[in-house]
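1. Below: sequence and its predicted model.
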Amino acid sequence: MKNVKVGLVQMSCSADIDLNIQNAKERIKQAAFQGAQIVCLQELFSSLYFCDTEDHSKFQLADSIPGPITEDLQLLAKECNVVIIASLFEKRAPGLYHNTTAVIDSDGSYLGKYRKQHIPDDPGYYEKFYFAPGDEGYKVFKTNYATIGVLICWDQWYPEAARITALKGAEILFYPTAIGWDIAENEIVNNEQYQAWQTMQRSHSIANGVHVVSVNRVGLENGQQFWGGSFVSNPFGTIVYQASHTDEVVHVQEIDLNLTEHYRSVWPFLRDRRIDTYQPILNRFIDPEE
């Protein structure tokens, strides 16, 4: 059997960046103490979710990758013998910024980064103001414990991103996330949104035969109640763990990577793909013939 223990760190954030980073590090240590081998932090864990407004001063929050934060986390990864998945605001060059996740192996080595491809622009989520979309494609990272794929938040809604990452060999799909409810909405709408969010990601598990680990933040920030609900689904979409919608959580979940072989054999979706028929998907939309 090939079992891996994954740690989910679901936390709230403050305006104090140093405190957020320190809190995240303490929770990584806690997860490692509980046996975690791979620990995933939420999207943009080092600050409040600043994309709720368009504010040029917020570009000062960005850091280079590799840079001071990742170098600090490299020391921690080696100390705790854990892989760390860390979502950060990246300054690539003057005037060029990305929403980026760094992956650090358990020996402290920096494995690389994934830059978010799908960038939202919605009320309360003005990410296009801050982030250029990634231009280096979808990636997998061969860590000491598993080959993992990392996608980020809005990427969750796109089956193409999950499919390509799985086809490249990802055994687990990780989704660092920052998503919440508008506090003015009613409970029916809020529940519908959460269920759609989780169902979409569970479908990536089923279609690709891999575990999905989604890690969201909690806390009230400028009219948004981040809904937490971090979860792990197995390769057939079954929820094996789901966190609270309101509480900070450090959870370690053991998963069996051999289940990928089992479910892909019993439900051979990859075998039956008709890749020769998929060319139309490259169109933005298929207009009706006149």
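-> In hand now; what should we look at? Given the structure is predicted, the values throughout are model-derived calculations rather than measurements.
2. Next, the distance between the ends of stretch 201-221.
-> 25 Å (Cα to Cα, to the nearest Å).
3. for stretch 203-221, same thing?
-> 29 Å.
4. Same check on stretch 76-88?
-> Termini of stretch 76-88 sit 17 Å apart (Cα to Cα).
5. what is the mean pLDDT for that stretch?
-> Averaged over stretch 76-88, pLDDT sits at 98.
6. contacting residues around that stretch?
-> The contact list for stretch 76-88, computed with Cβ atoms under 8 Å, 6 or more residues apart in numbering, reads 7, 25, 28-29, 31-32, 36-46, 63, 65, 69-70, 73, 99-108, 143-145, 148, 150, 152, 174, 176. Glycine gets a C-beta too; all of them are placed from N, C-alpha and C.
7. which of the residues in that stretch are buried?
-> L76, A77, C80, V82, V83, I84, I85, A86, S87, L88 (16 or more other Cβ atoms under 10 Å).
8. now do stretch 18-25
-> N20, I21, N23, A24, K25.
9. now swap in stretch 45-53 and tell me
-> F45, S46, S47, L48, Y49, F50, C51, D52.
10. With stretch 228-241 instead?
-> G228, G229, S230, F231, V232, S233, N234, P235, G237, Y241.
11. Contacts for stretch 218-230 next, please.
-> Residues contacting stretch 218-230 (Cβ under 8 Å, 6+ apart): 8, 10-13, 42, 48-49, 52-53, 124, 177-184, 190, 194, 198, 214-217, 242-249, 251.
12. tally of neighbours for N191?
-> 13 (other Cβ atoms under 10 Å).
13. how close does it get to W197?
-> N191 is 11 Å from W197, where distance means Cβ to Cβ, to the nearest Å.
14. need the contact list for E136.
-> Counted by Cβ under 8 Å, 6+ apart, E136 has contacts Y114, R115.
15. Next up, phi/psi of it, please.
-> In terms of degrees, to the nearest 10, the main-chain angles of E136 are phi -120, psi 10.
16. which SS state does S14 fall under?
-> Under DSSP: H, G, I helix; E, B strand; the rest coil, the three-state class of S14 is coil.
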